[in-house]
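1. please work out how this folds:
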Amino acid sequence: MNVPLSQRALGIPVHVWCAVVVVLCAATVSAQEPLTKAKALYDAAAYEEALTLLAPVHVPEAQQYKALCLLALGRTADASAAIEALVNASPTFVPSSEDAPPRFVELVTKVRQKQLPAIARRLFAEGRERYTAKQNEEAVKRFSLVLTLLNDPSFADANTRQDLETLAKGFIDLANAAAPPVKAVVPAAPEPPPAQRAEAAPVVPAKVTQPVALVQEVPPMPLDIAARVGGKLVLLVLIDEMGRVTAATVKESVHPRYDRIVAQATRDWRYTPATRNGIPIPSEQVVTIQAKR
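-> Purely as a prediction, here's the structure:
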């Protein structure tokens, strides 16, 4: 028995749609006619014909119906590939168990359990790139989507969840603190008589302090490397609200082996954490190490 799907089977929260609707709008309009016909063919059990119509269409809902048709034809491996494409394009997708076949719901759940950690890490990296480029609004959208995925019941990687949650929240705070205040346009009020005038309260900006190194021991360069190289090693270190280094990225290399030695040593570095209005927050810092021959 074929079970027709409704749009609510997409299961995508409204706040996530806001981040993707502009990108998907044009593609959805052009794909709507073959998608509508393919749905009708699916409901009529004409699975091969539906797949032919859906072949050139790549919007998330088309991937959903491709997978449904492939499952109905017993092509489980191909259905799994279609669901992987669907989850990558729409990671918050959750089918309705009332509308979708149980095999489809089960397969989507397995694919999401496998893929969500990698998708969350990718979105976090995209958010950090936009934060570095001072595209704070776009950065916050991606960090917020990361938090949405971390709270999903299918997200089973506890270590990744803990690390990304701390970092994503910290970057959201940093991005919001750096964003200029929104100016509201209001009608001008009549000027009060002199006796009623009062001094406007000053706007107090957020006070942000930078991290300060407490323990930052740099291991010596092995002699066989020191005799042959010079220059400087530049690292970007991420510091959590406890003052611990959670990640170190080499931005300028001296020698691959020495890069790895120093990056590993950063695990023992400790800082006074950055603060915003006195509250510790995650931060990042560029560390430059001069290599001497």
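2. for stretch 130-140, what does the pLDDT average out to?
-> On average, the pLDDT along stretch 130-140 is 90.
3. could the C-alpha coordinates of that stretch be exported in PDB?
-> The C-alpha coordinates for stretch 130-140 follow below in PDB (Å, rounded to 0.1, in the frame of the first residue of the first chain):
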ATOM      1  CA  ARG A 130      32.200  34.000   7.900                       C
ATOM      2  CA  TYR A 131      33.000  35.300  11.400                       C
ATOM      3  CA  THR A 132      36.600  35.800  10.400                       C
ATOM      4  CA  ALA A 133      35.400  37.600   7.300                       C
ATOM      5  CA  LYS A 134      33.200  39.800   9.600                       C
ATOM      6  CA  GLN A 135      30.000  38.400   8.000                       C
ATOM      7  CA  ASN A 136      28.500  38.100  11.500                       C
ATOM      8  CA  GLU A 137      24.900  37.700  10.500                       C
ATOM      9  CA  GLU A 138      25.700  34.700   8.200                       C
ATOM     10  CA  ALA A 139      28.000  33.300  10.900                       C
ATOM     11  CA  VAL A 140      25.300  33.400  13.500                       C
END
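4. for this structure, what spans make up the strands?
-> Under the criterion DSSP state E, strands of the chain are mapped to 208-209, 212-215, 231-239, 245-252, 270-272, 274-276, 279-281, 283-291.
5. would JSON lines of those strands with mean neighbour count, mean pLDDT and distance to Pro95 be doable?
-> To be clear about C-beta, it is placed using only N, CA and C from the backbone, and glycine gets the same treatment. Output for these, formatted as JSON lines (neighbours: other C-beta atoms under 10 Å; pLDDT from 0 to 100; distance: least, C-beta to C-beta, whole Å):
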{"stretch": "strand 208-209", "mean neighbour count": "15", "mean pLDDT": "85", "distance to Pro95": "44"}
{"stretch": "strand 212-215", "mean neighbour count": "12", "mean pLDDT": "88", "distance to Pro95": "50"}
{"stretch": "strand 231-239", "mean neighbour count": "19", "mean pLDDT": "89", "distance to Pro95": "36"}
{"stretch": "strand 245-252", "mean neighbour count": "16", "mean pLDDT": "89", "distance to Pro95": "35"}
{"stretch": "strand 270-272", "mean neighbour count": "17", "mean pLDDT": "90", "distance to Pro95": "45"}
{"stretch": "strand 274-276", "mean neighbour count": "19", "mean pLDDT": "87", "distance to Pro95": "41"}
{"stretch": "strand 279-281", "mean neighbour count": "17", "mean pLDDT": "89", "distance to Pro95": "38"}
{"stretch": "strand 283-291", "mean neighbour count": "16", "mean pLDDT": "87", "distance to Pro95": "39"}
